[in-house]
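>>> Predicted model, plus sequence, below.
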Amino acid sequence: MKKYQLMAPGPTPVPSEVLLAMAQPIIHHRTPQYEALFVEVRAGLKKLFQTSAEVVPLACSGTGAMEAAVVNTLSAGDAVAVVRAGKFGDRWLEIARAYGLDIIDLTAPFGHTVDAARLADALKTHPEVKAVLTQHSETSTGVLHDVRAYAAVTRQHDAILIVDAVSSLGIADLPMDAWGVDLVVAGSQKGLMLPPGIGFCALNEKAWRKTKTSTLPKYYFNLTDELKFVAKNEVRFTPAVSIIVGLREALRLLEAEGLANVFKRHDRLARATRAGAEALGLELFAKHTPSPALTAIRPPTGVDSEKIVAAYSQSHNITIAGGQGEMKGKLFRLGHMGYAAEFDTIVALSALEQVLADLGQPVDFGSSVRAAQKIFVEKS
Ligand SMILES: *Cc1c(COP(=O)(O)O)cnc(C)c1O
């Protein structure tokens with residue numbers, strides 16, 4: 001028997017409290033029980049997003065919520081600035097293209113990030129920009145973009161800042177109201193410790209104002225109509241009922257731990273994973289602030305990273321992830337977001353040592369684990 005362990009940067013493991021809650025018989029969504037459930041979920045989501053704005057859940061993956069953000073705030077021909085340095089940044093570009101938006105493309109090489117000064121220049125040169133689209137945590141490269149600095153820039157313009165926080169909500173601090181992020185997009189299957197199936201959009205007043213003039217086509221993803229139902233603790237269409245039930249449980253777990261502690265835990269797991277990889281002589285892919293959600297690591301010279309991913313799976317029944325697109329073969333990614341704790345990191349690193357040894361690499365056994373443990377025993 002090989003115990004299965006999901007250590008990919010999404011979807012992530014689901015705690016047993018959440019699994020058991022979701023195993024309850026299904027309830028109908030137009031009942032007082034559902035309303036009571038949603039009242040609690042609605043309040044918990046505001047705390048998690050650190051906003052007084054309403055958070056609108058949608059039955060879709062994270063990308064659906066990204067699309068909803070675009071079609072509700074923009075019109076064909078509108079100019080948008082896409083701040084990107086990875087595959088999820090490319091996704092904003094693809095959505096913007098699909099809807100006929102005029103794109104100002106601000107890119108950095110994968111592993112890096114785009115400096116806020118470049119965004120400031122672009123908005124000065126292009127005052128017609130209606131929205132800035134970016135990621136907080138770029139999951140394909142393991143880099144955290146400086147959303148706080150981007151928000152300080154967009155606050156001085158008419159443009160809204162739309163942030164894909166799918167792999168940072170409940171992982172890295174992103175105080176929506178305090179920083180002035182106008183629209184935050186998230187998903188259920190990363191920091192929220194839930195199965196995939198729910199996307200979220202949270203809009204502040206500046207973003208809601210944009211919805212008034214937006215003419216891009218929308219029906220299922222009409223957030224203005226959704227909001228009317230959310231405000232009454234009702235739902236417009238059949239929601240992902242079981243995942244909403246699980247969400248209440250996940251929000252309770254996050255609340256019990258305390259958001260500040262949740263962020264600290266992710267930071268420690270990330271620092272320990274990086275220290276472990278470096279102790280093995282491996283190079284980290286992130287050349288800028290690394291994301292606390294995952295660690296992207298370059299394979300040893302001459303080794304295809306897909307072999308490392310396959311060995312984790314075949315020899316140890318552990319799912320990790322490789323590189324996407326042009327990064328295929330060049331990096332592997334260890335997720336440590338959501339329901340992840342210190343000894344999951346120890347498992348990931350000790351398995352890495354065995355995987356590398358199996359691939360014929362010289363390994364000083366225990367060196368990565370030792371480096372991680374040193375971080376775990378530090379007083380925080
Ligand atoms: C996982 C992820 C998404 C959403 O992907 P879906 O497969 O549509 O849920 C979007 N952005 C980032 C940064 C992600 O990590």
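Structure's in. What do you need?

>>> Give me the buried positions along stretch 70-89.
Going by neighbour count (16 or more other Cβ atoms under 10 Å), the buried part of stretch 70-89 is 70-74, 78-89. (Each C-beta comes from the backbone N, C-alpha and C, glycine too.)

>>> average model confidence for it?
The pLDDT scores in stretch 70-89 average 98.

>>> so how far is the top helix by length along the chain off the chain centroid?
Criterion DSSP state H: the longest helix present in the chain is helix 259-279. Using Cα atoms, centre = their mean, to the nearest Å, the mean C-alpha position of helix 259-279 is found 16 Å from that of the whole chain.

>>> Looking at the closest residue to the ligand within the stretch 1-150 of the chain now. What's its pLDDT?
Among all residues of the stretch 1-150 of the chain, Gly62 sits closest to the ligand, at 2.7 Å; criterion: Cβ to the nearest ligand atom. For Gly62, the pLDDT comes out at 98.

>>> same deal with Ser380?
On the pLDDT scale, Ser380 is placed at 63.

>>> for Phe285, same thing?
Predicted confidence (pLDDT) for Phe285: 98.

>>> tally of neighbours for it?
Using other Cβ atoms under 10 Å, Phe285 has 24 other residues around it.

>>> Where does the residue lying closest to it once chain neighbours are set aside sit: helix, strand or coil?
Once flanking residues are discounted, Phe285 sits nearest to Ala296: 3.7 Å by Cβ to Cβ, 6 or more residues apart in numbering. What DSSP: H, G, I helix; E, B strand; the rest coil gives for Ala296 is strand.

>>> surely Ala296 meets Ser137?
No - applying Cβ atoms under 8 Å, one finds Ala296 not in contact with Ser137, separated by 11.1 Å.

>>> Give me the secondary structure label for the closest residue to Leu101 other than its chain neighbours.
Among residues not flanking Leu101 along the chain, Val80 sits closest, at 5.0 Å (Cβ to Cβ, 6+ apart). Three-state assignment for Val80 (three-state DSSP): strand.

>>> for the residue positioned nearest the centre of the chain, phi and psi?
Centroid-nearest residue in the chain: Ser167, 1.2 Å away (criterion: Cα atoms, centre = their mean). According to degrees, to the nearest 10, the main-chain angles of Ser167 amount to phi -110, psi 30.

>>> can you check Arg370 too?
Main-chain dihedrals, Arg370, degrees, to the nearest 10: phi -60, psi -50.

>>> Which pLDDT does the model give the closest residue to it other than its chain neighbours?
With Cβ to Cβ, 6+ apart as the measure, Ala279 is the residue that lies nearest to Arg370, at 7.0 Å, once sequence neighbours are left out. Looking at Ala279, its pLDDT is 98.
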